[in-house]
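J.: when you get a sec, could you give me coordinates for this:
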Amino acid sequence: MIILNLIVFIALLFVLAKLYKGNDNLGLTVFIGLILGLIYGGVLQLIYPQSVISDTLSWVKLVGSGYVSLLKMIVMPLVFVSILSAITRLNQTRALGKISISVLSSLLITTGIAALIGIAMVYVFDLSAAGLVAGERELAAQTKVASRVDSVSNLAIPDILLSFIPTNPFEALTGAKSTSIISTVIFSAFLGVATLSLNKENSELGQRLIQGIDTLNQLVMRLVRLVIRLTPYGVFALMIKVAASSQWSDIISLGNFIVASYVAIGLMFVVHGIILLVFKVNPVQYYKQVLPTLSFAFSSRSSAATLPLNIETQTSKLGNNETIANFSATFGATIGQNGCAGIYPAMLAVMVAPTVGVDPFSVTYIATLILVVVISSFGIAGVGGGATFAAIVVLSALDLPLELVGLLISIEPLIDMARTALNVNGAMVAGTVSDKILDV
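T.: Down below sits the predicted model:
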């Protein structure tokens with residue numbers, strides 16, 4: 001059976017390759033790959049026992065997880081070189097301050113809006129933590145959550161901000177920490193400013209450095225484009241895993257929370273469209289251009305892994321300034337994530353509050369919650385599971401019990417896909433808006 005499944009899998013990969021070669025349309029091919037993956041994964045779950053599915057997926061993940069690994073491979077070199085290259089092209093270093101303030105403001109404002117929408121959805125759908133039953137998987141997840149509480153509950157905002165500054169830039173370049181991307185951005189920015197300063201003092205030496213940086217940037221971008229062309233196949237394999245391994249009984253039992261989450265995420269996509277419209281960007285045309293990137297974010301559940309696609313989409317399709325695109329993509333991978341750090345922890349905080357006698361819909365509580373969510377959105381890891389970290393930080397800051405974080409673990413992957421797509425879109429919207437505001 002496994003051999004037959006793999007033959008079908010390989011045949012579908014060839015079909016995708018043929019389609020891609022025929023139309024050379026990345027967005028359309030990614031969408032087809034996503035649909036084919038959902039269908040094939042659903043068929044596997046329908047007709048095979050879990051043992052056969054697991055053995056099949058162990059081979060399928062060579063394509064899906066392999067593609068994600070390739071993207072992760074190029075993330076840190078891309079961040080380092082592209083930020084460095086973008087800064088050396090600036091005429092004035094003070095433009096960096098404008099870009100940083102604009103991008104961060106956009107990310108944090110939209111995260112606050114996302115939190116407010118999450119709160120509203122809990123009210124509309126009448127969601128509550130009361131009555132949720134912990135199964136074996138959820139109890140195990142609660143234990144795991146409890147083990148992480150000590151590491152995050154005592155973090156103060158100054159400590160979080162301090163963790164962004166790289167004490168060892170070479171360690172940051174390895175991606176060893178959740179803050180490695182922001183640390184690399186800071187190191188690259190300082191190195192870029194140093195290059196501009198050196199160019200003013202010694203133009204001959206400065207120009208040689210700038211040309212070398214530009215050459216290295218072109219090499220890395222060529223590598224990025226080679227990997228991006230594999231996106232349809234990666235998305236196809238990833239969606240097979242999602243569809244074949246989802247626990248439909250969990251999905252049905254917690255259906256209201258899933259529906260409320262997706263409605264909140266959908267509304268936030270609409271808010272992004274309205275924001276773009278205010279800045280004279282056609283939202284329909286925008287979403288057509290970013291669809292392949294959002295599709296990969298949806299299937300991979302990793303804002304960090306989507307970073308190369310994010311930058312490429314902003315610069316080549318949306319026409320954003322390279323420096324702005326790099327800053328918005330890298331900041332958006334760990335700061336102000338609208339889905340993981342905005343909607344999700346806000347919904348959980350409102351659901352849990354009544355269990356400890358707090359009115360979750362009082363003006364004071366809502367204002368406090370939104371402020372805590374926005375501040376806590378700094379440094380959320382741009383990988384699957386970042387929402388759990390954000391929820392622990394927010395609930396701990398509000399002195400609320402953390403059991404619900406573990407109870408919802410069974411449906412976490414399903415919701416996390418859409419949350420990640422929203423995170424990435426928030427970063428691209430921040431970049432697009434900043435590009436319209438700033439004259440860089």
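
J.: where is the longest helix in the protein?
T.: Scanning the chain for the helix with the most residues, using DSSP state H, yields helix 50-88.

J.: got any ranges where the stretch 101-250 of the chain has weak pLDDT?
T.: Where the stretch 101-250 of the chain drops to pLDDT under 70, the residues are 130-157, 160, 178-179, 246-250.

J.: can you map out the helices along it?
T.: Taking DSSP state H, counting those that start in this stretch, the helices of the stretch 101-250 of the chain run over residues 136-152, 157-163, 169-173, 180-201, 203-228, 231-245, 248-253.

J.: what's the most buried one of those?
T.: helix 231-245 (a mean of 25; mean count of other C-beta atoms under 10 Å). From N, CA and C alone the C-beta is placed, and that goes for glycine too.

J.: the inter-axis angle of that one versus helix 203-228?
T.: Angle between the axes of helix 231-245 and helix 203-228 is 50 degrees (criterion: axes from the mean of the first three to the mean of the last three C-alpha atoms, to 10 degrees).

J.: what's the angle between helix 231-245 and helix 50-88?
T.: Using the same axes, to 10 degrees: helix 231-245 against helix 50-88 is 140 degrees.

J.: just how off-centre is helix 231-245 within its chain?
T.: 17 Å (C-alpha atoms, centre = their mean, to the nearest Å).

J.: in JSON lines: the helices of the stretch 101-250 of the chain, plus distance to Leu414.
T.: Formatted as JSON lines, these follow (distance: least, C-beta to C-beta, whole Å):
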{"stretch": "helix 136-152", "distance to Leu414": "14"}
{"stretch": "helix 157-163", "distance to Leu414": "29"}
{"stretch": "helix 169-173", "distance to Leu414": "32"}
{"stretch": "helix 180-201", "distance to Leu414": "26"}
{"stretch": "helix 203-228", "distance to Leu414": "26"}
{"stretch": "helix 231-245", "distance to Leu414": "8"}
{"stretch": "helix 248-253", "distance to Leu414": "6"}
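
J.: and these: which comes nearest Arg89?
T.: Proximity to Arg89 (C-beta to C-beta) singles out helix 203-228 among the helices of the stretch 101-250 of the chain, at 8.1 Å.

J.: can you classify the residue most central in space within the chain as helix, strand or coil?
T.: Centroid-nearest residue in the chain, with C-alpha atoms, centre = their mean: Ser303, separated by 2.5 Å. Put simply, Ser303 is coil when judged by DSSP: H, G, I helix; E, B strand; the rest coil.

J.: so it touches Ala333, yeah?
T.: Yes. With contact defined as C-beta atoms under 8 Å, Ser303 and Ala333 form a contacting pair (4.6 Å).

J.: ok, and the closest non-adjacent residue to Lys317?
T.: Residue nearest to Lys317 in three dimensions, not counting chain neighbours: Gln289, with 4.3 Å by C-beta to C-beta, 6 or more residues apart in numbering.

J.: is it true that that neighbour touches Leu318?
T.: Yes. In this structure, Gln289 is within contact of Leu318 by C-beta under 8 Å, at 6.2 Å.

J.: figure out which of the helices of the stretch 101-250 of the chain is closest to Val284.
T.: helix 231-245 (22.3 Å).

J.: before we move on, back to that, which of the helices of the stretch 101-250 of the chain sits closest to Ala346?
T.: Smallest distance to Ala346 across those (C-beta to C-beta): 17.3 Å, for helix 136-152.

J.: which helix or strand contains His272?
T.: helix 255-278 (DSSP states H and E).

J.: give the buried residues for the helix or strand just after that helix.
T.: The C-terminal neighbour of helix 255-278 among helices and strands, as given by DSSP H and E, is helix 283-300. Neighbour-count burial for helix 283-300 flags 283, 286, 289-300 (criterion: 16 or more other C-beta atoms under 10 Å).

J.: tell me how far helix 283-300 is from the chain's mean position?
T.: Distance of helix 283-300 from its chain centroid, counting by C-alpha atoms, centre = their mean, is 12 Å.

J.: for stretch 42-51, same thing?
T.: Taking C-alpha atoms, centre = their mean, one finds stretch 42-51 lying 29 Å from the centre of the chain it belongs to.

J.: show residues contacting that stretch.
T.: Outside stretch 42-51, the residues within contact range by C-beta atoms under 8 Å, 6 or more residues apart in numbering are Met1, Asn5, Val52, Ile53, Thr56, Ile240, Ala243, Ala244, Ser245, Ser246.

J.: in that stretch, what's buried?
T.: Buried, per 16+ other C-beta under 10 Å, within stretch 42-51: Gly42, Leu44, Gln45, Tyr48.

J.: now do the same contact list for Ala260.
T.: Contacts of Ala260 by C-beta under 8 Å, 6+ apart are Met121, Val122, Val124, Phe125, Leu127, Met347.

J.: among these, the buried ones, what's the PyMOL command?
T.: Those of these that count as buried under 16+ other C-beta under 10 Å are selected in PyMOL with:
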select buried, resi 121+122+125+127+347
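
J.: what mean pLDDT does the helix or strand harbouring Leu348 get?
T.: Element membership for Leu348, per DSSP H and E: helix 344-352. Mean pLDDT, computed over helix 344-352, is 90.

J.: repeat for stretch 67-77
T.: Mean predicted lDDT for stretch 67-77 stands at 81.

J.: could you give the separation of that stretch from the chain centroid?
T.: Mean C-alpha position of stretch 67-77 versus that of the full chain (C-alpha atoms, centre = their mean) differs by 14 Å.
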